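In: sequence unavailable; structure follows:
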């Protein structure tokens, strides 16, 4: 799997939004485009799984969020590729 490290702005795609919609069917915005391009790059690199903290963690569930925060280093460390966006 590949991971995405970056700084989010407003209108970031959240777990609650993307869990019910295909990534490429999200309404147009610069933050959704950034996530869509991440998925495209990951797919073109031959990966079938991608992880981005903003939309892969259910922040509405405190226990899930706490577990994710504790595990995040391991997820980044275990990924085969990490894409880092330094600025938009």
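Out: The structure has been received and is ready for your questions. All values reported here derive from a predicted model rather than from experimental measurement. Residues are numbered from 1 along each chain as shown.
In: which residue packs closest to residue 45, ignoring adjacent ones?
Out: Nearest residue to residue 45, sequence neighbours excluded (C-beta to C-beta, 6 or more residues apart in numbering): residue 81, at 6.3 Å. Glycine gets a C-beta too; all of them are placed from N, C-alpha and C.
In: wait, that neighbour sits on residue 46?
Out: No. Contact criterion C-beta atoms under 8 Å: residue 81 and residue 46 do not qualify, at 9.5 Å.
In: more neighbours, these two?
Out: For residue 81 versus residue 46, neighbours defined as other C-beta atoms under 10 Å are more numerous around residue 81 (14 against 9).
In: distance of the more buried one relative to residue 74?
Out: 16 Å (C-beta to C-beta, to the nearest Å).
In: low-confidence ranges in this protein?
Out: Applying pLDDT under 70 to the chain flags residues 8, 88.
In: can you give me the strands in it?
Out: Ranges of strands in the chain, per DSSP state E, are 2-5, 50-52, 81-84.
In: kindly reformat those strands as JSON lines containing distance to residue 35.
Out: Converted to JSON lines, these look like this (distance: least, C-beta to C-beta, whole Å):
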{"stretch": "strand 2-5", "distance to residue 35": "8"}
{"stretch": "strand 50-52", "distance to residue 35": "6"}
{"stretch": "strand 81-84", "distance to residue 35": "11"}
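In: who's sitting farthest from the centroid in the chain?
Out: Going by C-alpha atoms, centre = their mean, the residue of the chain most distant from its centre is residue 63, 19.2 Å out.
In: which ones are touching it?
Out: Neighbour list for residue 63: empty [criterion: C-beta atoms under 8 Å, 6 or more residues apart in numbering].
In: buried ones in the lengthiest helix in the chain, by neighbour count?
Out: The longest helix of the chain (DSSP state H) is helix 62-78. Going by neighbour count (16 or more other C-beta atoms under 10 Å), the buried part of helix 62-78 is 68, 75.
In: now swap in stretch 32-44 and tell me
Out: So, applying 16+ other C-beta under 10 Å, buried residues of stretch 32-44: 32, 34-36, 38-39, 42.
In: distance to residue 21 added to those residues, as TSV?
Out: Output for the buried residues of stretch 32-44, formatted as TSV (distance: C-beta to C-beta, whole Å):
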residue	distance to residue 21
32	10
34	16
35	12
36	12
38	16
39	13
42	18
